[in-house]
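> For reference, the sequence and a predicted model appear below.
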Amino acid sequence: MKNTAPKDTGLAARAETLFILVVWLLFLTLALRALGPDSAHTTFNSDSAIPILMANDERPITVFDTYYYAADRWGGWPLLVAKVLHRDTGLQWTDQRLHYARTTWLFFGLLVLAGLNARAVPAVIVSGLMALCLEPALRRRLFDLSQLYAWQLTALFLAWFCLRRLFAQRQAVAIIFWSSTFYCCAFFAIWSSVASAPMLSVLVILEALRSRFSFKRRIGLAIVLLLAAAASELLMKINYHRYSLKHFGYDFKTPMAFDRGHLFENLLRNWDNLLKFSFFPVMAIALCFVIGLAVLILYALIARKAALLTRAISFLEDETTTMIVALTAMAAMNFLIMVSVNHVRLSLNDDRFQTPAYIFGVISGLLTIYLAIRVFANRLAATRYVVPLVLAGAFVFLGVEFPRRQLSENYKRDRQIALALSQKAPSGSMLMGRYWETYIYAGLQPANTMTPLPLEGLQNRIPWTVEKLHVSQQVVLEYQHGGFTATESLPPNELWQYGNLLRLQEAHFYENGEYAFALYFKDRRN
C-alpha cells in the first residue's frame, strides 16, 4: 500500500499557512479601517501631525530629518523613507496613508515573530493580535502616529529573526549574510529607540544559550555586531546634536541619565502603572512560569539532579518556551530601563514608556496559557483535537471583541477647521497659536498649505519656520486658546512675535466652536 503520510502532512502545512495569511490579512484590513487617525479608539493631535509634516517636507534632506523633529528619542528613519518617496515620486502623505504604512509594518512584525516559532504559528499570531488590538491603552499608543513603538517592534523582531539564523549557520557565506542583516535590523531597532539595545542584548544571551553548538563561536560575533549597531546610532545622534546646535542654537538633547536617588520612587510608580494595566494578570502568568522554570533549574543544579536538569533544559528547547522566556526577559528589561532613567520620571512616569513591556508581557502570557493547554492535551493524547479547537475559539473571540469602526468627533472637527483654513488663508501665510492648535491643522491640510509656528516661548519642533515668519506677508492666529484675552473677546490689535510686529487685519477670520482665528498682516516698517 502506498504511503501518503508525507503528502498529507505537506498539504496540511500549506493549508495552515494559507489560513494564517488569510486571517492575518483580514485583521490587518480591519485595523486599517477601524484604528486610523480618525478613529475614536486612537488619538490625533499636534504630536501626531509632526510625522506627516516631516514626510511632506520640501526642504532638502538634512541631519535634522534623522529623528522626530526636535526629539532625539524618536528615530526618524520611517519618515525619512517617506520623505524620499515624496520627493522622488510626488506622493503626498496624509494621516491615513501614513497609518496604512505603519500598521502594515506593525502587522508584518507579527509574521516575523511567528517565523521564530514554526510549531505554534497560529498561537503566536492570535496572541500578537490580541495584544495589539484588544487592550484600549495599548491600542491607542500603537496606532497613534506620534508614537514610535509600531516602528520599533517590527525592527526588533527582524533583528531577533536574523540573530537566530546567525547562530544556526556553519557556512561562511551564510554567516556573512546573516551577520549583515542582524547588524542592519539591530541598527534600525536602536535608531527607533535606544531602549532596543539592552533588549537585544537579552536576546543575544538567550539565543546563544539556546544554540549550544554555536555559543562560543557566535556569541562574540553577535556582541560585536550589536555594539557596532549601538555605536552607529550614537554617532548619528551626536551628529544630530551638533547640527541642531550649529543651525538652530539648541541641541534638542533629551535628558537621559541614570536616576540615582529616585530608583525606589520610580520602582513604586512604574509598578503601580503595571498593576493598573488591565492585562496584568496575563503578564503575571508568564512571569510566574519563567520564575518557576528558573527556580527549577537552579534547584536541579544545586541538588545535582541530572535527570531533572536534563528534562528542564529539554523543555527550554521547545520554541514556544524559548519565546515565552525571551519575551518575558525583554519586558523585564524594558521595565528596569524605565525605572532607571530620569527622563521617565521627568515625564511624570507616564505608562506609555512601558508599552514594549506590556506588549511582550501580554504575548508571552497568552503563549504560556497555550503551552499549558498543549501539555495537558498531550497527556490526554488529544492534542490533535484540543489545540485546534482552542485556537479556533481564540480567533473567534478576537473577531467578536475586535474594535468596531467608530469615528472621532474631535478629529472630524479638527479636519473641518484645517480644510477651511487652507481654503480661506492667503497664499504663503503662517499659522500661529498654541502648540496644540498649530501643527495639527497644518498636518491635516492638503499639500501643507500653511506653515505652522507656535507662539514665541512655546515649543517649536520645526525651528526654521521662524525664518519663514520674517518673509511672510500674513499670519492666521488662533487666539481663543493663546492666553491673550478672555473667552469671547476680540484678539489683540498688535502682537510682537519673534521680533516681528503683527497688526490685526480681520478679527473674525474664521470660527468653529471654541476655536477662533484672526488674520494679521506684518508691519514692514519695523
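Ah, there it is.
> low-confidence ranges in the stretch 151-300 of the chain?
Applying pLDDT under 70 to the stretch 151-300 of the chain flags the ranges 212-216.
> Let me see the ranges of the helices in it.
172-192, 196-210, 215-248, 263-276, 280-302 (DSSP state H, counting those that start in this stretch).
> now those helices as CSV including mean neighbour count?
Glycine gets a C-beta too; all of them are placed from N, C-alpha and C. Formatted as CSV, the helices of the stretch 151-300 of the chain follow (neighbours: other C-beta atoms under 10 Å):
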stretch, mean neighbour count
helix 172-192, 20
helix 196-210, 21
helix 215-248, 16
helix 263-276, 14
helix 280-302, 16
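> can you list those in CSV and add distance to Phe157?
Listed next are the helices of the stretch 151-300 of the chain as CSV, based on distance: least, C-beta to C-beta, whole Å:
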stretch, distance to Phe157
helix 172-192, 9
helix 196-210, 10
helix 215-248, 15
helix 263-276, 23
helix 280-302, 17
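> wait, which of those helices is closest to Asn117?
helix 196-210 (12.4 Å; C-beta to C-beta).
> quick one: contacts of that closest one?
For helix 196-210, contacts defined as C-beta atoms under 8 Å, 6 or more residues apart in numbering pick out 152, 155-156, 159-160, 163-164, 167, 186, 189-190, 214-215, 218-219, 222-223, 226, 229-230, 233, 316-317, 322, 325-326, 329-330, 333-334, 337, 356.
> try 6 Å
156, 159-160, 163-164, 167, 186, 189-190, 215, 219, 222, 226, 230, 322, 326, 329-330, 333 (C-beta atoms under 6 Å, 6 or more residues apart in numbering).
> now do stretch 181-188
By C-beta under 6 Å, 6+ apart, the list of residues contacting stretch 181-188 reads 155, 158-159, 162-163, 166, 200, 225-226, 229, 232.
> can we see that at 10 Å?
75, 77-78, 112, 151-152, 154-167, 196-197, 200, 203-204, 221-222, 224-233, 236 (C-beta atoms under 10 Å, 6 or more residues apart in numbering).
> List the residues that contact Asn56.
Contacts of Asn56 (C-beta under 10 Å, 6+ apart): 79, 82-83, 86-87, 91-94, 98, 442-443, 447-448.
> Need the phi and psi values for it.
When read as degrees, to the nearest 10, the backbone of Asn56 gives phi -100, psi 10.
> Only the buried residues of the lowest-mean-pLDDT helix or strand in the chain, if you could.
Lowest by mean pLDDT, DSSP states H and E among the helices and strands of the chain is helix 306-316, with a mean of 81. Going by neighbour count (16 or more other C-beta atoms under 10 Å), the buried part of helix 306-316 is 309, 312, 316.
> ok and the helix or strand Ala123 falls within relative to helix 280-302, angle-wise?
Here Ala123 sits within helix 121-133, counting by DSSP states H and E. Interaxial angle of helix 121-133 relative to helix 280-302 (axes from the mean of the first three to the mean of the last three C-alpha atoms, to 10 degrees): 130 degrees.
> now what about the next helix or strand after helix 121-133, what contacts it?
Sequence order places helix 136-142 as the next helix or strand after helix 121-133, per DSSP H and E. The contact list for helix 136-142 (C-beta under 10 Å, 6+ apart) reads 31, 34-35, 39, 41-43, 102-103, 106, 130-133, 135, 147-150, 153, 273, 276-279, 351-355, 358-359, 362, 403.
> One more pass at 8 Å, please.
By C-beta under 8 Å, 6+ apart, the surrounding residues in contact with helix 136-142 are 35, 41-43, 106, 131-133, 147, 149-150, 277-279, 351-352, 355, 358-359, 362, 403.
> same question, stretch 211-230
163-164, 166-168, 175, 179, 182-183, 186-187, 190, 194, 197, 200-201, 204-205, 207-209.
> Now do the strands in the chain.
430-433, 451-454, 474-478, 494-497, 500-512, 515-522 (DSSP state E).
> Throw the ones you listed into a markdown table and include distance to Pro463, mean neighbour count and mean pLDDT, thanks.
As requested, those are exported to a markdown table (distance: least, C-beta to C-beta, whole Å; neighbours: other C-beta atoms under 10 Å; pLDDT from 0 to 100):
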| stretch | distance to Pro463 | mean neighbour count | mean pLDDT |
| --- | --- | --- | --- |
| strand 430-433 | 14 | 27 | 96 |
| strand 451-454 | 10 | 24 | 96 |
| strand 474-478 | 18 | 24 | 95 |
| strand 494-497 | 15 | 16 | 93 |
| strand 500-512 | 16 | 17 | 94 |
| strand 515-522 | 19 | 22 | 94 |
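> Tabulate those (CSV), appending distance to Ala55.
What follows is the strands of the chain, written out as CSV (distance: least, C-beta to C-beta, whole Å):
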stretch, distance to Ala55
strand 430-433, 18
strand 451-454, 15
strand 474-478, 23
strand 494-497, 27
strand 500-512, 26
strand 515-522, 25
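> Quick one, which of the ones you listed gets closest to Ala12.
Nearest of the strands of the chain to Ala12, taken as C-beta to C-beta: strand 451-454 at 55.9 Å.
> For the closest residue to Tyr100 other than its chain neighbours, give me its contacts.
Spatial nearest neighbour of Tyr100, chain neighbours left out: Leu32 (5.8 Å); criterion: C-beta to C-beta, 6 or more residues apart in numbering. Going by C-beta under 8 Å, 6+ apart, Leu32 touches 99-100, 103-104.
> so which of those residues is the most crowded?
His99 (24 neighbours; other C-beta atoms under 10 Å).
> can you pull the contacts of the residue nearest the centre of the chain?
For the chain, the residue nearest the mean C-alpha position is Tyr149 (1.1 Å; C-alpha atoms, centre = their mean). Counting by C-beta under 8 Å, 6+ apart, Tyr149 touches 141-142, 193, 355-356, 359.
> Tell me the one among those nearest to Ile302.
Pro356 (33.5 Å).
> of the buried residues of helix 306-316, closest to Ala49?
Leu316 (46.5 Å).
> and that closest one, what is it in contact with?
Counting by C-beta under 8 Å, 6+ apart, Leu316 has contacts 210, 293, 322, 325.
> Relative to Gln169, how far out is the first one?
Right, the one you point to is Arg210. 14 Å (C-beta to C-beta, to the nearest Å).
> Check what pLDDT the residue nearest to Tyr100 gets.
With respect to pLDDT, Leu32 scores 98.
> I'd like the contacts of Leu316 written out as CSV, with distance to Phe64 added.
CSV is the format used below for these (distance: C-beta to C-beta, whole Å):
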residue, distance to Phe64
Arg210, 41
Leu293, 47
Thr322, 41
Val325, 40
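> Mind giving me the ChimeraX command for buried ones among the contacts of Asn56?
Buried members of the contacts of Asn56, defined by 16+ other C-beta under 10 Å, are picked up in ChimeraX with:
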select :79,82,83,86,93,94,98,442,443,448
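> taking the contacts of Asn56 one by one, which sit in helices?
With helices taken from DSSP state H, the overlap with the contacts of Asn56 comprises 79, 82-83, 86-87, 98, 442-443.
> Val471: which of those residues is nearest?
Nearest to Val471 among the ones in helices among the contacts of Asn56, with distances taken as C-beta to C-beta, is Ala442, at 17.5 Å.
> and Ala120, what does it touch?
Counted by C-beta under 8 Å, 6+ apart, Ala120 has contacts 319-320, 367, 370, 374.
> For the contacts of Leu316, which two are the farthest from each other?
So, those by C-beta to C-beta: farthest apart are Arg210 and Leu293, at 13.8 Å.
> Arg434: what's its closest spatial neighbour, skipping adjacent residues?
Arg434 sits nearest to His481 (C-beta to C-beta, 6+ apart), 5.1 Å away.
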